[in-house]
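Student: what's the 3D shape of this:
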Amino acid sequence: MERKVVIPGEVIAEGEDYLPGENTEKRDGKIVSLRYGLAEEQNNLVKVIALSGVYAPRRGNIVVGKVENITQNGWIIDIGTAESAFLSINEVPRYVNKDAMEEVFDIDDMIIAKIWSIGKRGIDLSIKSRDLGRIDNGMIFKINPNTVPRVIGREGSMIKIIKDGTGCNIDVAQNGFVIIEGENVDDEVFAKKVIDKITEKPFVSGLTERVTKFLEENKK
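Tutor: Purely as a prediction, here's the structure:
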């Protein structure tokens with residue numbers, strides 16, 4: 001099946017062979033889109049990559065957020081959702097002095113964390129895994145969270161092309177934040193340009209070829 005832009009209610013596929021995936025449902029033997037986005041099929045699983053809307057948090061997502069407030073037991077983090085998230089001192093892999101919590105994370109610090117729980121109390125974060133914690137270096141900017149799958153690509157194919165083509169280390173968080181760390185600012189700005197090119201027209205066909213060509217033509 002060719003990737004194509006679909007609208008809510010549009011029939012993407014018909015027949016018992018197909019299964020509904022993300023942002024789709026089955027109605028009378030037909031797979032129907034629930035969102036405006038890009039339809040794709042893999043191993044008979046049909047899904048839609050949404051191209052509009054806000055970030056919907058999920059357990060296990062890696063997110064970037066800003067420290068909004070410090071409480072007795074942790075930090076309130078803005079991750080771009082309707083309600084803020086919470087990072088408990090118990091989810092920090094080091095000793096935390098409750099009288100000097102700003103030494104670990106201060107207000108306005110940017111951190112990268114993992115959503116380990118979503119419940120009635122809200123969204124809980126953890127930084128116990130590798131490469132999580134305060135972001136001290138590189139360039140941080142925001143993209144539409146719904147374009148994240150396009151920037152990452154199937155099994156990380158697109159982000160690998162960008163990393164190889166720019167020489168930068170790039171992390172893309174599920175809530176739409178991108179962290180680029182390169183040898184110099186010029187490399188980081190170039191990598192941002194490539195990502196901007198994807199997010200401007202995420203649904204065009206032949207996106208991988210376009211990005212590869214852009215990298216080749218604009219390399220120093």
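Student: now the spatially most central residue of the chain: which helix or strand?
Tutor: The chain has Gln174 as the residue nearest its centroid, 2.2 Å off, counting by C-alpha atoms, centre = their mean. Using DSSP states H and E, Gln174 maps to neither a helix nor a strand.
Student: where do the helices sit along this protein?
Tutor: Applying DSSP state H to the chain gives helices spanning 148-152, 157-166, 185-200, 207-218.
Student: can you redo the ones you listed as TSV with distance to Tyr95, mean neighbour count and mean pLDDT?
Tutor: The way it works is simple: take the backbone N, C-alpha and C, and place the C-beta from them, glycine included. Formatted as TSV, those follow (distance: least, C-beta to C-beta, whole Å; neighbours: other C-beta atoms under 10 Å; pLDDT from 0 to 100):
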stretch	distance to Tyr95	mean neighbour count	mean pLDDT
helix 148-152	34	21	91
helix 157-166	35	17	94
helix 185-200	34	17	93
helix 207-218	44	14	89
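Student: and Lys47, what are its bridge partners?
Tutor: Counting by DSSP bridges, Lys47 is bridged to Glu40.
Student: what does the model give it for pLDDT?
Tutor: pLDDT recorded at Lys47 is 92.
Student: buried set for stretch 167-175?
Tutor: For stretch 167-175, burial by neighbour count (16 or more other C-beta atoms under 10 Å) applies to 168, 170-175.
Student: out of these, which is nearest to Gln72?
Tutor: Asn175 (26.2 Å; C-beta to C-beta).
Student: tell me the spacing between the residue located most distally from the centre of the chain and Ile70.
Tutor: In the chain, counting by C-alpha atoms, centre = their mean, Asp99 sits farthest out from the average C-alpha position, at 34.0 Å. Separation of Asp99 from Ile70 (C-beta to C-beta, to the nearest Å) stands at 11 Å.
Student: likewise for Asp171?
Tutor: With distances taken as C-beta to C-beta, Asp171 is found 25 Å from Ile70.
Student: could you count how many residues lie near Gly119?
Tutor: Gly119: 8 surrounding residues under other C-beta atoms under 10 Å.
Student: and it, what are its bridge partners?
Tutor: Gly122.
Student: pLDDT wise, what is the residue farthest from the centre of the chain at?
Tutor: If you check Asp99, the pLDDT there is 91.
Student: any idea how far it is from Gln72?
Tutor: Distance of Asp99 to Gln72, given as C-beta to C-beta: 10 Å.
Student: next one: Val92
Tutor: Distance from Val92 to Gln72, counting by C-beta to C-beta: 14 Å.
Student: with Glu16 instead?
Tutor: Glu16 is 56 Å from Gln72, by C-beta to C-beta.
Student: could you do Ile152 as well?
Tutor: Ile152 sits 37 Å away from Gln72, going by C-beta to C-beta.
Student: any weak-confidence spans in this protein?
Tutor: Within the chain, the ranges that satisfy pLDDT under 70 run 1, 52-53, 220.
Student: could you chop it up by domain?
Tutor: Domain assignment for the chain by automatic domain parsing gives 4-50, 62-134, 139-218.
Student: dump those domains to CSV, plus distance to Ala56.
Tutor: Putting those into CSV (distance: least, C-beta to C-beta, whole Å) gives the following:
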stretch, distance to Ala56
domain 4-50, 9
domain 62-134, 8
domain 139-218, 8
